[in-house]
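S.K.: Take a look and give me a structure for this.
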Amino acid sequence: MNDISSLAASTLQDRTVVIFGGTSGIGLASAIQAKAAGAKVIVVGFNPEGAERVATENGFNGWRAADVTKPETIAQALADIPHVDHLVLLAGTFVAGKVLDAEVEYLKRAFDERIWAAVHTLRTLGERLASDGSVTFISGALADRPSAQGTAVLAAASAAMEAFARGLALELAPIRVNTLSPGTTDTPLLSRTLGTHRDAYVAALTEKLPQRRLGTAEEAGAAVVFLMSNGFMNGETLHIDGGARLV
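M.R.: The predicted structure is shown next:
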């Protein structure tokens, strides 16, 4: 067992981990690895049937369903969970639309799914979130390198998560708060977002990347487990992008 997995096993054993967005992609990879480290994992997904299926297939300790843009569903999902050691908030869709063209209510979803979902989740949990635990947010490469393809609002929401985490690391202390910032990662969300254009996009992108490939959900999931298990990581943004910010 290497040092990282040993640390995770020693710090996550029997701890309750709740992962919003834990039914696919990076969230599911995080859940699987946290369970392997001995954590009691509860995944929260948008679709009840899908969340139940994923939890059953992977032997998680439970599942819940919630629409993170609706505070009442967050409250319902967390109502019967008495204690949470590590909270991971990875839910969020790819909100793309140019500021001068897209519907404003649609663009607001980028912040509703991230900043306000986090606010409502933290307020709902209150003192049920362990004082020696952690909160992990997700931002993304757009926070550093927005594109001209209608991602200005999403880039702003992603960057806001990083600033929010730094502020909360002080406001919620001694609870640790960090942010994962992945580059383009090979997940179902990427395929849903790009559709038939996925292969062409990936081929063009990988030519530019230092690693000549996309990241995997498992690699990003390992970074989430690291942020949960390393007790001295606090107020930080962990970039896992294969050096994409350098090119």
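S.K.: Which helix in this protein has the most residues?
M.R.: Ranked by residue count, the top helix of the chain under DSSP state H comes out as helix 152-171.
S.K.: Buried residues, it. List them.
M.R.: Going by neighbour count (16 or more other Cβ atoms under 10 Å), the buried part of helix 152-171 is 152-155, 157-162, 164-166, 168-169. C-beta coordinates here come from the backbone N, C-alpha and C atoms, glycine included.
S.K.: Stretch 105-112 too?
M.R.: 107, 109, 110, 111, 112.
S.K.: quick one: contacts of it?
M.R.: Contacts with stretch 105-112, where a contact means Cβ atoms under 8 Å, 6 or more residues apart in numbering, come from 68, 69, 92, 93, 95, 97, 99, 153, 154, 156, 157, 160.
S.K.: so the last one touches residue 114, yeah?
M.R.: By that I understand residue 160. Yes - counting by Cβ atoms under 8 Å, residue 160 sits close enough to residue 114 to count as a contact (7.1 Å).
S.K.: Need the residue closest to the centroid of the chain.
M.R.: Centroid check for the chain by Cα atoms, centre = their mean gives residue 90 as the closest residue, at 2.3 Å.
S.K.: these two touch, right, it and residue 24?
M.R.: No - using Cβ under 8 Å, residue 90 is not in contact with residue 24; the gap is 9.7 Å.
S.K.: picking up where we left off before, toward the C-terminus, what is the element adjacent to the longest helix of the chain?
M.R.: Using DSSP states H and E, the next helix or strand after helix 152-171 towards the C-terminus is strand 176-182.
S.K.: Grab the CA positions of the longest helix of the chain and hand them over as PDB.
M.R.: The C-alpha trace of helix 152-171 is given here as PDB (Å, rounded to 0.1, in the frame of the first residue of the first chain):
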ATOM      1  CA  ALA A 152     -18.200  33.300 -19.400                       C
ATOM      2  CA  VAL A 153     -20.800  32.800 -16.800                       C
ATOM      3  CA  LEU A 154     -19.800  29.200 -16.100                       C
ATOM      4  CA  ALA A 155     -16.100  30.400 -15.800                       C
ATOM      5  CA  ALA A 156     -17.300  33.000 -13.300                       C
ATOM      6  CA  ALA A 157     -19.200  30.400 -11.300                       C
ATOM      7  CA  SER A 158     -16.200  28.100 -11.300                       C
ATOM      8  CA  ALA A 159     -13.800  30.800 -10.100                       C
ATOM      9  CA  ALA A 160     -16.400  31.800  -7.500                       C
ATOM     10  CA  MET A 161     -16.200  28.300  -6.000                       C
ATOM     11  CA  GLU A 162     -12.500  28.700  -5.400                       C
ATOM     12  CA  ALA A 163     -12.900  32.000  -3.700                       C
ATOM     13  CA  PHE A 164     -15.900  30.700  -1.700                       C
ATOM     14  CA  ALA A 165     -13.800  27.800  -0.500                       C
ATOM     15  CA  ARG A 166     -11.000  30.100   0.700                       C
ATOM     16  CA  GLY A 167     -13.500  32.300   2.600                       C
ATOM     17  CA  LEU A 168     -15.200  29.300   4.100                       C
ATOM     18  CA  ALA A 169     -11.900  27.800   5.300                       C
ATOM     19  CA  LEU A 170     -11.800  30.700   7.700                       C
ATOM     20  CA  GLU A 171     -15.500  31.000   8.400                       C
END
